[in-house]
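>>> whatever this is, show me its structure:
(one chain, ligands or ions: 1)
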Amino acid sequence: MKTMLRLRLLVLATFVRTGVSIMPFFRKTEISDKDLGDLGNYLSSPETR
Ligand code: HEM
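Numbering: from 1, shown residues only. This next block holds a predicted model:
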């Protein structure tokens, strides 16, 4: 996996796991690490830009 993509997924996971502003945090029971990774890859894929 490319370094910048890995960084984006790490930043995404940090916001989702800790929450930000009025955004609530999401536990692993709510969105698994795999689902979060899949979501990040989907949001990062060229087709969706
Ligand atoms: C880098 C990634 C992300 C950042 C920086 C971010 C940041 C934020 C911020 C600033 C808000 C508040 C918006 C407002 O003031 O109205 C928000 C809301 C929200 N975010 Fe995120 N978010 C990110 C990714 C995600 C992801 C991946 C999800 C889904 C798993 C998510 C779910 C939500 C939800 C549900 C709200 C609405 C909370 C409410 O209105 O009660 N966010 N997010």
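>>> for F26, give its distance to V16.
F26 sits 5 Å away from V16, going by C-beta to C-beta, to the nearest Å. For the C-beta atoms, the positions are set from N, CA and C on the backbone; glycine is no exception.
>>> the more surrounded of these two?
V16 (19 against 16; other C-beta atoms under 10 Å).
>>> return the residues of the protein in contact with the ligand.
Proximity of the chain to the ligand is confined to 11-12, 15-16, 20-24, 26, 31, 39 under the rule C-beta under 6 Å from any ligand atom.
>>> now render those as a markdown table, adding distance to L5.
Below are those laid out as a markdown table (distance: C-beta to C-beta, whole Å):
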| residue | distance to L5 |
| --- | --- |
| V11 | 11 |
| L12 | 10 |
| F15 | 16 |
| V16 | 16 |
| V20 | 21 |
| S21 | 25 |
| I22 | 28 |
| M23 | 22 |
| P24 | 26 |
| F26 | 21 |
| I31 | 19 |
| L39 | 13 |
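>>> of those, buried ones?
Listed as buried from those are 12, 16, 26, 31; burial here means 16 or more other C-beta atoms under 10 Å.
>>> using TSV, lay out these together with secondary structure and pLDDT.
TSV is the format used below for those (DSSP: H, G, I helix; E, B strand; the rest coil; pLDDT from 0 to 100):
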residue	secondary structure	pLDDT
L12	helix	95
V16	helix	98
F26	coil	98
I31	coil	98
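>>> what's the closest of the residues of the chain next to the ligand to the ligand?
M23 (3.1 Å; C-beta to the nearest ligand atom).
>>> now the closest one, what are its backbone angles?
With angles defined as degrees, to the nearest 10, M23 shows backbone torsions of phi -70, psi 120.
>>> that one: what's its closest spatial neighbour, skipping adjacent residues?
Nearest residue to M23, sequence neighbours excluded (C-beta to C-beta, 6 or more residues apart in numbering): F15, at 7.2 Å.
>>> helix or strand for that neighbour, just tell me which one.
If you go by DSSP states H and E, F15 is part of helix 3-18.
>>> in that helix, which residues are buried?
9, 12-13, 16.
>>> export the buried ones among the residues of the chain next to the ligand to TSV and tack on distance to P46?
TSV is the format used below for these (distance: C-beta to C-beta, whole Å):
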residue	distance to P46
L12	17
V16	22
F26	26
I31	23
